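S.K.: sequence? don't have it. structure:
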């Protein structure tokens, strides 16, 4: 466990460390203010497979390009399921059975606005929509978002989802808790895009329909702008918390463990509850 030397962890989060130490795998936590001052960190620089948290910088990149006049979010995109590998351009497709949004699959062969695909990528975590958006945005623009946020070189978005040819030669999507926190802090500070674009991004994140992780540990009414991601033994959540009457904060929990996702989500919710209690106690 790594603790910020300038600010010792508060008791509730500290009390969880024994439980986290017993987990078979890695649990990374970054909790702090939106000016990137951490209150509690644990393995925050440990690299994890990104799962769907890679969709957070893709979302920001889409709005950043649109604001720069390089992309039209209202342009029609033909929904299809064939993509070019980041390795060699060879074709690959996404498995419907591994996706979480039938609405995009139902649209195959038709046109949908890019803005709609961006939203489905985020609120339903559609893999098919993600690859369609990434085709329009490009990994270079995503890298620009990560660099502008102050993320480290450890976090990369190098390929589309299920591009196994690229993955097999280490072209991958990798994140750290500290770097996802950097993106969320940069959004909160309005340093990546304009106020209007930031509001649009945060509104989309707040509509996330997968709320078993961080939101489940917080009181009703706390606005949680977050992107979750999961696959077998991988369960992540990265959130900007916007409570009424209290300062905004950022909480990122990444788990790569032997836990089933239901148990990993429950652990994430307990971490969120502890973080909330600690912040309340410091008021």
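M.R.: That came through, no problem. As the structure is a computational prediction, the values presented were derived from the model and not from experiment. Numbering: from 1, shown residues only.
S.K.: drop to CA atoms for contacts and neighbour counts, all remaining ones
M.R.: Fine.
S.K.: quick check: closest non-adjacent residue to residue 256.
M.R.: residue 234 (4.6 Å; C-alpha to C-alpha, 6 or more residues apart in numbering).
S.K.: I'd guessed the one you found sits against residue 262; true?
M.R.: No. Contact criterion C-alpha atoms under 8 Å: residue 234 and residue 262 do not qualify, at 10.9 Å.
S.K.: now do the helices in the stretch 101-250 of the chain.
M.R.: Residue ranges of the helices in the stretch 101-250 of the chain, as given by DSSP state H, counting those that start in this stretch, are 102-106, 114-123, 127-137, 139-149, 164-167, 177-188, 195-206.
S.K.: which one, of those helices, ends up nearest to residue 25?
M.R.: When these are compared by C-alpha to C-alpha, helix 177-188 sits nearest residue 25, at 15.1 Å.
S.K.: could you give the mean pLDDT of the closest one?
M.R.: Average pLDDT, helix 177-188: 98.
S.K.: name the residues that touch it?
M.R.: Residues outside helix 177-188 that contact it (C-alpha atoms under 8 Å, 6 or more residues apart in numbering): 28-30, 33-36, 44-46, 57, 145-146, 149-152, 155, 192-193, 198, 238-240, 250-254.
S.K.: just the buried residues out of those residues, in PyMOL syntax.
M.R.: In PyMOL syntax, the buried subset of the contacts of helix 177-188 is picked out as below (16 or more other C-alpha atoms under 10 Å):
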select buried, resi 28+29+30+33+34+36+44+45+46+57+145+146+149+150+151+152+155+192+193+198+238+239+240+250+251+252+253+254
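S.K.: just the contacts of helix 177-188: which are in strands?
M.R.: Among those, the residues falling in strands (DSSP state E) are 28, 29, 30, 33, 238, 239, 240, 250, 251, 252, 253, 254.
S.K.: ok, residue 240 - contacts?
M.R.: 184, 185, 188, 224, 225, 226, 248, 249, 250, 251.
S.K.: now the residue nearest to it when sequence neighbours are not counted: how far from residue 221?
M.R.: For residue 240, ignoring the flanking residues on the chain, the nearest one in space by C-alpha to C-alpha, 6+ apart is residue 250 at 4.6 Å. For residue 250, the distance to residue 221 (C-alpha to C-alpha, to the nearest Å) stands at 17 Å.
S.K.: what do you get for residue 61?
M.R.: 29 Å.
S.K.: likewise for residue 127?
M.R.: Residue 127 is 29 Å from residue 221, by C-alpha to C-alpha.
S.K.: pick out whichever of these two has more residues nearby.
M.R.: The neighbour comparison of residue 127 against residue 221 (other C-alpha atoms under 10 Å) goes to residue 127, with 25 against 10.
S.K.: OK, contacts around that one?
M.R.: Per C-alpha under 8 Å, 6+ apart, neighbours of residue 127: 94, 99, 100, 121, 161.
S.K.: can we see that at 6 Å?
M.R.: residue 99 (C-alpha atoms under 6 Å, 6 or more residues apart in numbering).
S.K.: quick one: pLDDT of it?
M.R.: 98.
S.K.: picking that back up, which two among the ones in strands among the contacts of helix 177-188 are spaced furthest apart?
M.R.: Between all members of the ones in strands among the contacts of helix 177-188, the farthest pair (by C-alpha to C-alpha) comes out as 33 and 254, at 18.1 Å.
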